[in-house]
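# sequence unknown, structure follows:
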């Protein structure tokens, strides 16, 4: 009888797997919260402008947070050692920008609580790329594959159930619902493909904080170009930007939330792979459902059967993600990961021992780059100033919200931030 591959139960292995799981859960909370400001699309703002507002917040945060945690010398040296990843980071950012815009269209047409589970099919796409390109699930054994593949099938079934529930709207809205479903699925496809540069980066030993500083360049350039083109040129673009001034603060906050969630997601992808880490972070659908249904009342007035289908489909997808997250990689699969690391090292001339140390949570680069540059503090103050300036002109938008549920969800999201950041610092010093 065939034996199952041995799961590595050493303390270091267990701590890294647990760390990846914790990061995935924290990512889910913050990625879910980040989508709440996109409800502004229901007030008639352009989806492209809303996405651009979020990307502006993302751009500021993705340059500020890494410098605050690691310093500019660390980030620049990390990129200098792995220059081949710069183009991959820009590509990933471009894919993110287009996918995020599609999610705004989806929220406009089918609502947050329905769109979220549909675009979270990105976990299936990521699972496929992880297996095909990076040796994930290779030599994992039947039990571990069953958890991952069975979880992926559950995600697909849950998304299909929710899609069918959405299609049962009245005929006048059926065309718009179909467009919303297509937009959500398109976002899932692009986001799932975006994880290819993620995994390639972390097999090369780069710190997630360094990777995202270049990632955001692709986001901002792509999103700025799309916004100007689809608004009809620079003049209509600036006019629409002025009209949105009272709402920009909320979009900027959404971008900040996304950065925090995405950083946790990047750490999850680094330590447990995209086949496991991405489905776990896709628990954000639970948070999206909570924000959509509890805060914005998207399911209010719907028939009990409709609500049951949406909630039931979401629960099925969550069970699938949980099954995947419990599939800890055995030693034989980790050896396959090591072959993928060796391939990247041979291709780009990197030091194998140094890369393996970085992949295992150590931080050899930190010992060589200490101290702070004066202008890092200037960048941080500039970011705070931008946020304060936007807050001065902010106005409450005409969107009905339940204040009690809003406060509760914000408190829970902050709790995930504090807990995960502490664990990540204690184990890896944000490596």
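Done, it's in. Computed from a predicted structure; not experimentally measured.
# alpha carbons only for contacts and neighbour counts from here, please
Noted.
# check contacts around the nearest residue to residue 246 once chain neighbours are set aside.
Sequence neighbours aside, residue 394 is the residue nearest to residue 246 in space, at 4.4 Å (criterion: C-alpha to C-alpha, 6 or more residues apart in numbering). With contact set as C-alpha atoms under 8 Å, 6 or more residues apart in numbering, residue 394 has these partners: 245, 246, 247, 248, 249, 250.
# helices and strands of this structure: which one has the lowest mean pLDDT?
helix 112-119 (a mean of 73; mean pLDDT, DSSP states H and E).
# What is it packed up against?
With contacts taken as 3 or more C-alpha pairs under 8 Å, 6 or more residues apart in numbering; DSSP states H and E, helix 112-119 sits against helix 85-110, helix 142-167, helix 171-203, helix 284-290, helix 304-325.
# what comes into contact with that helix?
Helix 112-119 is touched from outside by 35, 39, 103, 106-107, 158-159, 162-163, 166, 180-181, 184-189, 284-285, 288-293, 298, 310, 314, 317, with contacts defined as C-alpha under 8 Å, 6+ apart.
# quick revisit: please produce TSV containing the contacts of residue 394, extended by distance to residue 151, pLDDT and neighbour count.
Shown next, in TSV, are the contacts of residue 394 (distance: C-alpha to C-alpha, whole Å; pLDDT from 0 to 100; neighbours: other C-alpha atoms under 10 Å):
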residue	distance to residue 151	pLDDT	neighbour count
245	43	84	14
246	43	85	17
247	39	83	23
248	38	87	27
249	38	88	25
250	35	85	25
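# Let me know the closest of those residues to residue 128.
Lowest distance from residue 128 to these (C-alpha to C-alpha) belongs to residue 250, with 35.3 Å.
# Can you give me the distance of the closest one to residue 387?
10 Å (C-alpha to C-alpha, to the nearest Å).
# One more: residue 205?
Using C-alpha to C-alpha, one obtains 33 Å as the distance from residue 205 to residue 387.
# quick one: low-confidence ranges for the stretch 1-150 of the chain?
1-14, 39, 41-43, 112-113 (pLDDT under 70).
# Tell me who's in contact with the residue nearest to the spatial centre of the chain.
Residue closest to the average C-alpha location in the chain (C-alpha atoms, centre = their mean): residue 262, at 4.1 Å. By C-alpha under 8 Å, 6+ apart, residue 262 lies in contact with 27, 31.
# Can you pick out the residue with more neighbours from residue 205 and residue 387?
Neighbour totals were compared for residue 205 and residue 387, and residue 205 leads with 30 against 17 (other C-alpha atoms under 10 Å).
# Give me the phi and psi angles of that one.
Dihedral pair for residue 205: phi 80, psi 10, per degrees, to the nearest 10.
# So what's the predicted local confidence for it?
In this prediction, residue 205 carries a pLDDT score of 90.
# give me every residue that touches it.
Shown in contact with residue 205 (C-alpha under 8 Å, 6+ apart): 354, 355, 356, 357, 358, 359.
# Make a PyMOL selection of whichever of those residues turn out to be buried.
Here is the PyMOL command that selects only those of the contacts of residue 205 that count as buried (16 or more other C-alpha atoms under 10 Å):
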select buried, resi 355+356+358+359
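# now, the most widely separated pair of the contacts of residue 205?
354 and 359 (8.8 Å).
# who's in contact with residue 67?
With the criterion set at C-alpha under 8 Å, 6+ apart, residue 67 makes contact with 75, 376.
# And the helix or strand harbouring it, what's buried?
Using DSSP states H and E, residue 67 sits in helix 47-69. Using 16+ other C-alpha under 10 Å as the test for burial, helix 47-69 gives 47-67.
# If anything else comes up later, I'll come back, but that's it for now.
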